[in-house]
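Engineer: From the sequence below, what's the structure:
(chains A, B, C and D)
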Protein chains: 4
Amino acid sequence: MPSHLALLSCLLVLLLSLDKFLLHYLKKRLFSGPRIIPSGGASKSRRSSMAAAPKWSETAMLVIDMQKDFVDPAMRSPMLVAGGEAVVPAVAEAVAVARERGIFLVWVVREHDPSGRDVELFRRHHYSGGKGPTVKGLKGAELADGLIIKEGEYKLVKTRFSAFFATPLDSVLKTAGIKNLVIVGVQTPNCIRQTVFDAVALDYDKITVLIDATAAARPDIHLCEYTCFHIKTIFLLLEI
Amino acid sequence: MPSHLALLSCLLVLLLSLDKFLLHYLKKRLFSGPRIIPSGGASKSRRSSMAAAPKWSETAMLVIDMQKDFVDPAMRSPMLVAGGEAVVPAVAEAVAVARERGIFLVWVVREHDPSGRDVELFRRHHYSGGKGPTVKGLKGAELADGLIIKEGEYKLVKTRFSAFFATPLDSVLKTAGIKNLVIVGVQTPNCIRQTVFDAVALDYDKITVLIDATAAARPDIHLCEYTCFHIKTIFLLLEI
Amino acid sequence: MPSHLALLSCLLVLLLSLDKFLLHYLKKRLFSGPRIIPSGGASKSRRSSMAAAPKWSETAMLVIDMQKDFVDPAMRSPMLVAGGEAVVPAVAEAVAVARERGIFLVWVVREHDPSGRDVELFRRHHYSGGKGPTVKGLKGAELADGLIIKEGEYKLVKTRFSAFFATPLDSVLKTAGIKNLVIVGVQTPNCIRQTVFDAVALDYDKITVLIDATAAARPDIHLCEYTCFHIKTIFLLLEI
Amino acid sequence: MPSHLALLSCLLVLLLSLDKFLLHYLKKRLFSGPRIIPSGGASKSRRSSMAAAPKWSETAMLVIDMQKDFVDPAMRSPMLVAGGEAVVPAVAEAVAVARERGIFLVWVVREHDPSGRDVELFRRHHYSGGKGPTVKGLKGAELADGLIIKEGEYKLVKTRFSAFFATPLDSVLKTAGIKNLVIVGVQTPNCIRQTVFDAVALDYDKITVLIDATAAARPDIHLCEYTCFHIKTIFLLLEI
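Structural biologist: All right, here's what the predicted structure looks like:
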């Protein structure tokens, strides 16, 4: 189909030109130095003030939905995010860097009632007989192998895409003095993006999404979200 | 630049194949018959129950941000959505159909304090001297020419992308018995999409976005949002 | 002053007559018949429609904060609600009646991070060394002896007074078709009252608080909340 | 019963001594010096740090519901708060002091749709024929005579008791650096108290209610709210 060709060509160009530059560029920024990429508040006048080193104590990393039902194909969950498993190492690396820098780590997970009564309407048919995706207490709700919550880190349970929707996250972050967010996990067009946009609405200052520590069910959508939207939308549109 | 070529080819394919089919297909559905396109809750088992004619009394149309500063180039507003002016007639047509069917009309507008203190952080630099985009009482906050609020329709003031964020909209809709939403206005990747996703989070049943009665600052982003995401995301990803 | 006299006479009458009449009157209503006491929506015109038997399937019972740290003196918690232990049997009785009638049971509990970072500011000094009131996983967060959550019932974790604040409770209740609430637990002037008022704000229809299945740190405050405020406020003031 | 006796003696003492002492004591604190009465965060350890002069730039005054339909008997509104008119001068005085000190002034008002569709359920029967209490644009929604909004002050429209419920108030205050609140207006057991408790839930630091610049429909309820609850509840109960 023609639209597939378009997406394919789009994808090829991205793979060739973008990967080497943009993806690792963003990662490098977080990992190697004190500057982070602003997404929510980058007017020219504010950018200059970013030359000063940010205080890592004002930054939190949100690790979103890195649970077995979302990233481990062995679970055979209907909620599996195809690209999820591949980014587990990148997420683990990001978490390690965050711990090293003293960045506040928030582990955002879905944990649902066995009945599914706290799930979005369009997903409730997945729940029956006390089973379903990321039911509290079942294996599918556990973090992916290799990821663990250490003492002093915060576990936040959510029931919708956005980590801020109907949760105490904003209070936990604001009273901890957090102004900047770095976001990793799955999946890009839903939970990642909704969390980013709610963070913008809730007046966080700088919001960074690590492209190669996030993933979507389909790689073209993941890439397109950043190339068509985040880079060109958050930076161009949100900046006007 | 290569990525531009990719977007261009993507766009061309979309213009050739999509326009005639998808755009008017959705419109036709709303205008000509009782069936509407579900976005939020289309599991197979639920689809069958949609064969029954929906009650229009359970449907509301949200007209989002159709204000002069967003759609009228003569205002020279930094908030101008390039594609906005072109869809005013389509929005007016949708509104007329909604009135005919007795659909509850909600006019969602931004109205900001002259100081800009209730605007998103990244936009506050646009406000000074009591002026700025869609300041309450100024001409830029008025509805685009040709659009008027009639008696019995509801005006909702918001200060963020989503029409549900920090507003009484959910209460107004739910206590009016509204279960389904039809959304028109500007702009696609921000206010439209955030309103759609919040509506999903807030358990609305069927959510329809009229592609050709919505617009973005750039047509490729507008189209891509629907083709890469809404059609392929809301329908494919949200359905799983 | 006349108003002072009124308050005094009001008090005397209450002391003499209230305990035996009002407290058990409300209880009797819930336990013995299909009528429940409306608090939130009792205009004259709507009252008449209440003659019809309500559907218990549209009613939920919220059991609030019946945790060891709040009601069990043996825990020696700074959060102990003095009157809490005495109402455990009444709460258990109310729960039994609710189960019998098929009323949806929601067990609202506080569970806090060991650091106290998700607690109200004015209570954070109670948390140190991984200990503090109702810390998740510790004994103090468990339900009081004699109260258990059965299959099919819902456990809701909150971090503030109101059961609706920053939780998915409203979504869980509304998508379950719940319109009416019955509230038991501790403590009257804080968690009970804030939950009631948020329920009013969120458009629940009939809200009933069982006076003798609720309690406060001080009995005079508990009584006064109902006699001066709930009965005379919700019924007289809210009704105007 | 002892608790009844306690309540009775408490009442007598209050009648004799409270008016002259407590009411003006609080007022004096705000008006005459830099110290303000904390309600939300007064653990002993934090109190000592309050010896330092607070910055008025971190304090906002919320003037709540001082509209003709609530405080002007001539409007013959069913929403009239009997004690409201008497406190207009005290509110005006508080506003003048706030302006002098550079305290950020927020004028919180109700403005409802003529249909009443954005009013609490229990009040909707007051709306018909495009009329009803504090309908947007009608005289009853105007501020009481003698009160005006000056340039640089913020008008916030709400539709429920709490000024924070479904409004952008928290964002406006937090992004303005506000940590402390002073609250005046009507009426004590509903809008005032709900705003105070939401402010506690939203992590504001010091919250002061000016007793004689607030009022209730009945003076006994107004007094009792403060004497039984605010003074003895916020200070004693909330502090534990």
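Engineer: C-alpha from now on. contacts and neighbour counts both.
Structural biologist: Fine.
Engineer: Need the pLDDT of residue A:99.
Structural biologist: For residue A:99, the model assigns a pLDDT of 95.
Engineer: Confirm it sits in a strand?
Structural biologist: No: under the criterion used here (DSSP: H, G, I helix; E, B strand; the rest coil), residue A:99 is helix, not part of a strand.
Engineer: so who does the closest residue to it other than its chain neighbours touch?
Structural biologist: The shortest distance from residue A:99 to any non-neighbouring residue, by C-alpha to C-alpha, 6 or more residues apart in numbering or on different chains, is to residue A:105 (7.6 Å). Residue A:105 sits next to A:60-63, A:95, A:98-99, A:153-154 when contact means C-alpha atoms under 8 Å, 6 or more residues apart in numbering or on different chains.
Engineer: Just the buried ones among the residues you listed, please.
Structural biologist: Buried subset of the contacts of residue A:105 (neighbour count, 16 or more other C-alpha atoms under 10 Å in any protein chain shown): A:60-63, A:95, A:98, A:153-154.
Engineer: which ones among those come in contact with chain C?
Structural biologist: residue A:154 (C-alpha under 8 Å from any C-alpha of the partner chain).
Engineer: Tell me the one among the buried ones among the contacts of residue A:105 nearest to residue D:146.
Structural biologist: residue A:60 (47.6 Å; C-alpha to C-alpha).
Engineer: can you give me phi and psi for the closest one?
Structural biologist: Phi and psi for residue A:60, reported as degrees, to the nearest 10, are phi -120, psi 150.
Engineer: Bridged to it, which residues?
Structural biologist: residue A:104, residue A:181 (DSSP bridges).
Engineer: how much space between it and residue A:185?
Structural biologist: Between residue A:60 and residue A:185 the computed distance is 14 Å (C-alpha to C-alpha, to the nearest Å).
Engineer: can you pull out the strands in chain A?
Structural biologist: A:59-64, A:104-110, A:154-158, A:180-186, A:206-215 (DSSP state E).
Engineer: which of these is buried the deepest?
Structural biologist: Among the strands of chain A, strand A:180-186 has the highest mean neighbour count (mean count of other C-alpha atoms under 10 Å in any protein chain shown), at a mean of 27.
Engineer: and it, what's its mean pLDDT?
Structural biologist: Strand A:180-186 comes out at a mean pLDDT of 93.
Engineer: same question, stretch A:56-75
Structural biologist: Averaged across stretch A:56-75, pLDDT comes to 96.
Engineer: And it, what's buried?
Structural biologist: Buried residues in stretch A:56-75 (16+ other C-alpha under 10 Å): A:56, A:58-73.
Engineer: Also stretch A:166-178?
Structural biologist: For stretch A:166-178, using 16+ other C-alpha under 10 Å, the buried residues are A:166-173, A:175-176, A:178.
Engineer: Which positions in chain A make contact with chain C?
Structural biologist: Counting by C-alpha under 8 Å from any C-alpha, chain A sits next to chain C at A:113, A:115, A:117-118, A:152, A:154, A:159, A:165-168, A:171-172, A:175-176.
Engineer: Can you show me the helices along chain A?
Structural biologist: Secondary structure of chain A, counting by DSSP state H: helices at A:2-13, A:24-32, A:44-49, A:68-71, A:88-101, A:169-175, A:193-201, A:219-224.
Engineer: Check which helices and strands the longest one sits against.
Structural biologist: If contacts are counted by 3 or more C-alpha pairs under 8 Å, 6 or more residues apart in numbering or on different chains; DSSP states H and E, helix A:88-101 sits against strand A:59-64, strand A:104-110, strand A:206-215.
Engineer: Now render these as JSON lines, adding distance to residue C:197.
Structural biologist: Output for those, formatted as JSON lines (distance: least, C-alpha to C-alpha, whole Å):
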{"stretch": "strand A:59-64", "distance to residue C:197": "33"}
{"stretch": "strand A:104-110", "distance to residue C:197": "29"}
{"stretch": "strand A:206-215", "distance to residue C:197": "35"}
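Engineer: circling back: tell me which of the strands of chain A lies nearest to residue C:86.
Structural biologist: Nearest of those (C-alpha to C-alpha): strand A:154-158, 33.0 Å.
Engineer: quick one on the thing from earlier: now narrow the residues of chain A next to chain C to whatever sits close to chain D.
Structural biologist: Among the residues of chain A next to chain C, chain D is touched by A:171, A:175 when using C-alpha under 8 Å from any C-alpha.
Engineer: Out of the residues of chain A next to chain C, which comes closest to chain B?
Structural biologist: residue A:165 (8.0 Å; C-alpha to the nearest C-alpha).
Engineer: The closest one reaches residue A:191, doesn't it?
Structural biologist: No: contact status for residue A:165 versus residue A:191: not in contact, 10.6 Å apart, counting by C-alpha atoms under 8 Å.
Engineer: tell me the contacts of the closest residue to residue A:207 other than its chain neighbours?
Structural biologist: Closest residue in space to residue A:207, ignoring its immediate chain neighbours: residue A:181 at 4.8 Å, by C-alpha to C-alpha, 6+ apart. Residues near residue A:181 by C-alpha under 8 Å, 6+ apart: A:59-62, A:204, A:206-208.
Engineer: closest to residue A:84 among the residues you listed?
Structural biologist: residue A:62 (15.9 Å).
Engineer: Would you confirm that the closest one contacts residue A:178?
Structural biologist: No: the criterion here is C-alpha under 8 Å, and residue A:62 misses it with residue A:178 at 11.7 Å.
Engineer: quick revisit: what's the per-residue pLDDT of the residue nearest to residue A:99 here?
Structural biologist: 98.
Engineer: gap between it and chain B?
Structural biologist: 24 Å (C-alpha to the nearest C-alpha, to the nearest Å).
Engineer: now do residue A:75
Structural biologist: For residue A:75, the distance to chain B (C-alpha to the nearest C-alpha) stands at 16 Å.
Engineer: Next one: residue A:137 from chain B, what distance?
Structural biologist: 22 Å.
Engineer: go on, residue A:86?
Structural biologist: Residue A:86 sits 19 Å away from chain B, going by C-alpha to the nearest C-alpha.
Engineer: same check, this time on residue A:215
Structural biologist: 13 Å.
Engineer: what's near enough to touch that residue?
Structural biologist: A:81, A:83-84, A:87, A:185-188, A:222.
Engineer: want to throw these into JSON lines with distance to residue A:132?
Structural biologist: Shown next, in JSON lines, are the contacts of residue A:215 (distance: C-alpha to C-alpha, whole Å):
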{"residue": "A:81", "distance to residue A:132": "15"}
{"residue": "A:83", "distance to residue A:132": "21"}
{"residue": "A:84", "distance to residue A:132": "19"}
{"residue": "A:87", "distance to residue A:132": "24"}
{"residue": "A:185", "distance to residue A:132": "21"}
{"residue": "A:186", "distance to residue A:132": "18"}
{"residue": "A:187", "distance to residue A:132": "19"}
{"residue": "A:188", "distance to residue A:132": "22"}
{"residue": "A:222", "distance to residue A:132": "25"}
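Engineer: one step back: from the buried ones among the contacts of residue A:105, pick the one nearest residue A:196.
Structural biologist: Nearest to residue A:196 out of the buried ones among the contacts of residue A:105 is residue A:62 (C-alpha to C-alpha; 10.3 Å).
Engineer: And the contacts of stretch A:127-145?
Structural biologist: So stretch A:127-145 is in contact with A:66-69, A:71-72, A:75, A:77-79, A:88, A:109-116, A:126, going by C-alpha under 8 Å, 6+ apart.
Engineer: That'll do, ta.
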